[in-house]
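J.: next comes the sequence, and after it the predicted model I'd like to discuss.
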Amino acid sequence: MHTENDEANRAEKQGIFLKMDDVGRSGGAKYDYLLFDLDDTLYPLSSGLNLSCRKNIEEFMQQHLHIEESEVPRMCLELYREYGTTMAGLKALGYEFDNDEFHSHVHGRLPYDSLKHDMVLRNLLLSMPQRKIIFTNGDKAHAVQVLNRLGLEDCFEGIICFETLNPHHLEPVDCRTSDDQMVIIERTPEGKANSPILCKPSVEAIEAAIRIANVDPKKTIFFDDSARNIASGKAAGLHTVIVGSSVLVPGADHALSSIHNIKEAIPEIWEGEGGQQLEHFIKSTAVDTVILA
Ligand SMILES: [Mg+2]
């Protein structure tokens, strides 16, 4: 169980968001923060990454966990529904595997070539006066790869990813013996080795991301292509936008068939509290993206 203190301590230790000076950053905008999902939100489902990802998960289950081929598709779907991600479900069922090994198998061979630089989205993001943060269930390497391929690697202040919400359970600790030889041992910090994986759509994961990013949910818009993530985002107090759908889903304040339509659908992002346009205040400089892991 992740506690509020754990998250606050981690964010403080990382010293990233807590030190950021938000005063005046958005120049009186209605919203101060934008929280973006990555996959199928910043690029369309038609890229084929989603389908490949699913195939790779199924292959991992057969090859590494020796699950019967005929069982795999049904299990995948049920675990995804029940636990948020198939990976979280496999862990909850007691399957033991290395998280990094899973991620490299599932994401390492994705057809990233199908993602191209998106200058339209880049210009939109850089013109938004708010602090922008990525919040993905994916791992760090995948998030960096996708952002680089899209040409958006410097458009966000931070990335909250799998490693952020699920820090390694086993940490090396150095212990010196009497003759001062270094011995590396592994320990289980705070008895968390078997704690469940924290990921969307759990409200707890979204609340953890809100704390780590140090944002005010009432001043934050959350973009995601998953209806259940949107429902949880709303439960956590965020303003919500379902992406990749032209119809509203429960808990969504806006629906965007493509992220490219953001300016037409939500002009408030570029407006101040009094309704004035903020664009002339905006400094369109790119920032270094920090990975919170
Ligand atoms: Mg997504």
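T.: On my side now, so go ahead.

J.: the ion contacts on the stretch 151-293 of the chain?
T.: Counting by C-beta under 5 Å from the ion, the residues of the stretch 151-293 of the chain close to the ion are D225. Where you see a C-beta, it was placed from the backbone N, CA and C, and this is true even at glycine.

J.: how about the stretch 151-293 of the chain: which residue is closest to the ion?
T.: Of all residues in the stretch 151-293 of the chain, D225 sits closest to the ion, at 4.5 Å by C-beta to the ion.

J.: quick check: that residue touching Y43?
T.: No. Using C-beta atoms under 8 Å as the test, D225 is too far from Y43 to be in contact (10.0 Å).

J.: remind me which residues of the protein are low pLDDT?
T.: 1-27, 169-194, 279-289, 291-293 (pLDDT under 70).

J.: ranges for the helices of it?
T.: With helices called from DSSP state H, the chain shows them at 4-14, 49-63, 72-83, 86-92, 99-107, 119-127, 140-150, 162-165, 203-213, 227-235, 262-265.

J.: mean neighbour count added to the ones you listed, as CSV?
T.: Shown next, in CSV, are the helices of the chain (neighbours: other C-beta atoms under 10 Å):
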stretch, mean neighbour count
helix 4-14, 14
helix 49-63, 17
helix 72-83, 15
helix 86-92, 22
helix 99-107, 18
helix 119-127, 16
helix 140-150, 20
helix 162-165, 24
helix 203-213, 21
helix 227-235, 22
helix 262-265, 14
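
J.: can you put the ones you listed in CSV and add distance to D253?
T.: Output for the helices of the chain, formatted as CSV (distance: least, C-beta to C-beta, whole Å):
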stretch, distance to D253
helix 4-14, 26
helix 49-63, 25
helix 72-83, 25
helix 86-92, 27
helix 99-107, 31
helix 119-127, 19
helix 140-150, 25
helix 162-165, 25
helix 203-213, 15
helix 227-235, 8
helix 262-265, 10
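
J.: residue contacts, the residue of the stretch 151-293 of the chain closest to the ion?
T.: Counting by C-beta atoms under 8 Å, 6 or more residues apart in numbering, D225 touches 37, 39-41, 45, 242-245.

J.: and for stretch 96-107, what are the contacting residues?
T.: Applying C-beta under 8 Å, 6+ apart, the external contacts of stretch 96-107 come out as 53, 56-57, 59-60, 64-65, 87, 90, 138-139, 141-142, 145, 162, 166, 168.

J.: same thing but at 7 Å, please
T.: Here stretch 96-107 makes contact (C-beta atoms under 7 Å, 6 or more residues apart in numbering) with 53, 56-57, 60, 64-65, 87, 138-139, 141-142.

J.: ok, stretch 238-251 next?
T.: Residues contacting stretch 238-251 (C-beta under 7 Å, 6+ apart): 40-41, 44-45, 217, 220-225, 227, 230-231, 233-234, 252-257, 259, 266.

J.: what about these, which are in strands?
T.: Under the assignment DSSP state E, the contacts of stretch 238-251 contribute 220-224, 254-256 to strands.

J.: save those residues as TSV, and put in neighbour count too.
T.: Shown next, in TSV, are the ones in strands among the contacts of stretch 238-251 (neighbours: other C-beta under 10 Å):
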residue	neighbour count
T220	23
I221	25
F222	30
F223	26
D224	30
H254	17
A255	18
L256	21
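
J.: tell me how many other residues surround the nearest residue to G272 once chain neighbours are set aside.
T.: Nearest non-adjacent residue to G272, counting by C-beta to C-beta, 6 or more residues apart in numbering: G28, 4.4 Å away. Using other C-beta atoms under 10 Å, G28 has 14 neighbouring residues.

J.: quick check: G28 touching G275?
T.: No. Contact criterion C-beta atoms under 7 Å: G28 and G275 do not qualify, at 10.8 Å.

J.: separation between the closest residue to S258 other than its chain neighbours and the ion?
T.: Ranked by C-beta to C-beta, 6+ apart and with sequence neighbours excluded, the top spatial neighbour of S258 is P44, at 6.8 Å. Distance, P44 to the ion, using C-beta to the ion, to the nearest Å: 11 Å.
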